[in-house]
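S.K.: I'll drop the sequence and a predicted model, then ask my questions.
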Amino acid sequence: MTETLDIKIERTKASRLSSTDFSDLSFGKVFSDHMFVADYEDGSWKNFQIVPYGDISVSPAMSVLHYGQAFFEGLKAYKLDDGKISMFRPYKNAERFNKSAARLCAPELPEDIFVQSIAALVDVDKDWIPSGENQSLYIRPFMFSTDPYLGVQPSKTYKFMVITSPVGAYFAKPLNVKVETHYSRASEGGFGFAKAAGNYAGSLYPALEAAKEGFDQVIWTDSKEHAYIEELGAANLVFVIDGKLITPSTRDTVLNGITRDSVLTLARHWGMEVEERRVSVAEVLEASEAGTLTEAFGVGTAATIAPIASIGFDGKKYQLPDLDKAEFSKRALKTLNELRYGLSPDEFGWNYLV
Ligand code: PLP
Ligand code: COI
């Protein structure tokens, strides 16, 4: 750990905490009292501040509004059973944030600064961490370019900010998903592996089209042949086929998910066979027809473990077995939750105490 970050803290005089209804939290609508802000200028990070959450004023020429140099992370803080506060694997997010930064020509943010700034903000707003079942404080660190300049080139100035939001489950029910065979989320040589804002912008139209057909989410496939499975909306995708855990390998076009890594680690720890490789649409549908596809689920920070109820392909619906039979995903979710809420020993060292 580097030396402690010098953060100027200005506390709000008008907390919204007592007027917030924690019994009814949907995802990402309520924000805690404070936010973290830092500036990148003249080649270094400076002005580390925690200030009351609120609007910011920007130049209409600000480069991110035109050329989209913006990227983010998502992680969660939990209130542990003994009252302590922990964040789940924040250095993994720090590492991925810098992969996104490098691909988008933005400056590196030292990992310790990333983690310390988030920890300081979570500490200031610790009363905003909800403690209901499946509730947590979702943390959204993000960086964007700020040069007021219309030439297409990497900006020289940036802001790093963190906001937090008390949340419950992202998906309310098991998902009916569609295999997307026309649109693509990412292509080889592109930046699908980065948590770039543009990846999400591009995903909105196909998701809307799928929603018109009654689907909750799309399964992204490779951009060349649409024959191989990549991700599920904003989560990675895992299948249980013939008792084996099978998931698309991460690559240029797939985000290297931290939940995915945690779930695969648990499966290996439990002695289950795990395959990370190219996974074809055909083999998943064939396994469904043969009855060997027993579970399919999305894995992500917001999504947690999101079971899939059915997969639509070419006008046909492939139904997954009843969810009460989804032994692996139920065990994985229970184990991750117990670990995150401090109800079981942190065997893998995944909890970072604030
Ligand atoms: N894939 C995409 C496109 C995502 O947006 C996310 C969410 O962060 C994930 C996968 C899952 O990643 P993680 O488990 O690190 O949250
Ligand atoms: C996350 O799980 O942190 C995500 O980024 C998903 C989000 C886009 C809703």
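M.R.: Great, that's in hand. Ligands and ions are numbered 1, 2, ... in the order given.

S.K.: For the protein, which residues score under the pLDDT cut-off?
M.R.: Counting by pLDDT under 70, the chain contains low-confidence ranges at 1-2.

S.K.: Contact residues of the chain facing ligand 1?
M.R.: Counting by Cβ under 6 Å from any ligand atom, the chain comes close to ligand 1 at 74, 231, 234-236, 255, 257-260, 300-301. Every C-beta, even on glycine, is put in place using the N, C-alpha and C of the backbone.

S.K.: burial count for Pro107?
M.R.: Applying other Cβ atoms under 10 Å, we find 19 residues neighbouring Pro107.

S.K.: which ones are touching it?
M.R.: 40, 43, 45, 101, 158 (Cβ atoms under 8 Å, 6 or more residues apart in numbering).

S.K.: And the residue lying closest to the second one once chain neighbours are set aside, how far from ligand 1?
M.R.: For Gly43, ignoring the flanking residues on the chain, the nearest one in space by Cβ to Cβ, 6 or more residues apart in numbering is Pro107 at 7.9 Å. Pro107 sits 22 Å away from ligand 1, taking Cβ to the nearest ligand atom, to the nearest Å as the criterion.

S.K.: How about the secondary structure of Pro107?
M.R.: Under the three-state scheme (DSSP: H, G, I helix; E, B strand; the rest coil), Pro107 adopts coil.

S.K.: hey, where'd the strands end up in the stretch 101-250 of the chain?
M.R.: 136-145, 158-167, 175-179, 217-221, 229-232, 236-241, 244-248 (DSSP state E, counting those that start in this stretch).

S.K.: Can I get those in JSON lines including distance to Tyr205 and mean neighbour count?
M.R.: Formatted as JSON lines, those follow (distance: least, Cβ to Cβ, whole Å; neighbours: other Cβ atoms under 10 Å):
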{"stretch": "strand 136-145", "distance to Tyr205": "22", "mean neighbour count": "23"}
{"stretch": "strand 158-167", "distance to Tyr205": "25", "mean neighbour count": "22"}
{"stretch": "strand 175-179", "distance to Tyr205": "14", "mean neighbour count": "22"}
{"stretch": "strand 217-221", "distance to Tyr205": "11", "mean neighbour count": "25"}
{"stretch": "strand 229-232", "distance to Tyr205": "17", "mean neighbour count": "26"}
{"stretch": "strand 236-241", "distance to Tyr205": "21", "mean neighbour count": "25"}
{"stretch": "strand 244-248", "distance to Tyr205": "23", "mean neighbour count": "21"}
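
S.K.: quick one: which of these is nearest ligand 2?
M.R.: strand 136-145 (7.2 Å; Cβ to the nearest ligand atom).

S.K.: longest single helix anywhere in the protein?
M.R.: The longest helix of the chain (DSSP state H) is helix 197-212.

S.K.: any idea how far the residue of the stretch 1-150 of the chain found nearest ligand 1 is from Leu204?
M.R.: Nearest residue of the stretch 1-150 of the chain to ligand 1, counting by Cβ to the nearest ligand atom: Gly74, 4.8 Å away. Per Cβ to Cβ, to the nearest Å, Gly74 is found 17 Å from Leu204.

S.K.: Going by secondary structure, the residue lying closest to Val240 once chain neighbours are set aside is in what exactly?
M.R.: Spatially, and ignoring its direct neighbours in sequence, Val240 is nearest to Glu295 (3.9 Å; Cβ to Cβ, 6+ apart). Of the helices and strands defined by DSSP states H and E, Glu295 is found in strand 293-300.

S.K.: Just checking that strand against ligand 2, any contact.
M.R.: Yes: Strand 293-300 is in contact with ligand 2 by Cβ under 6 Å from any ligand atom, via Gly300.

S.K.: what about stretch 5-14, start to end distance?
M.R.: 26 Å (Cα to Cα, to the nearest Å).

S.K.: Kindly report the same for stretch 30-48.
M.R.: 24 Å.

S.K.: Flag every buried residue along that stretch.
M.R.: Across stretch 30-48, burial judged by 16 or more other Cβ atoms under 10 Å covers 30-40, 45, 48.

S.K.: Is it possible to get JSON lines of those that adds secondary structure and distance to Glu327?
M.R.: Below are the buried residues of stretch 30-48 laid out as JSON lines (DSSP: H, G, I helix; E, B strand; the rest coil; distance: Cβ to Cβ, whole Å):
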{"residue": "Val30", "secondary structure": "coil", "distance to Glu327": "34"}
{"residue": "Phe31", "secondary structure": "coil", "distance to Glu327": "37"}
{"residue": "Ser32", "secondary structure": "coil", "distance to Glu327": "37"}
{"residue": "Asp33", "secondary structure": "coil", "distance to Glu327": "41"}
{"residue": "His34", "secondary structure": "strand", "distance to Glu327": "42"}
{"residue": "Met35", "secondary structure": "strand", "distance to Glu327": "41"}
{"residue": "Phe36", "secondary structure": "strand", "distance to Glu327": "41"}
{"residue": "Val37", "secondary structure": "strand", "distance to Glu327": "45"}
{"residue": "Ala38", "secondary structure": "strand", "distance to Glu327": "45"}
{"residue": "Asp39", "secondary structure": "strand", "distance to Glu327": "50"}
{"residue": "Tyr40", "secondary structure": "strand", "distance to Glu327": "48"}
{"residue": "Trp45", "secondary structure": "strand", "distance to Glu327": "46"}
{"residue": "Phe48", "secondary structure": "strand", "distance to Glu327": "46"}
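
S.K.: Closest one to Ile308 out of these, please.
M.R.: Ile308 lies nearest to Val30 out of the buried residues of stretch 30-48, by Cβ to Cβ, at 28.0 Å.
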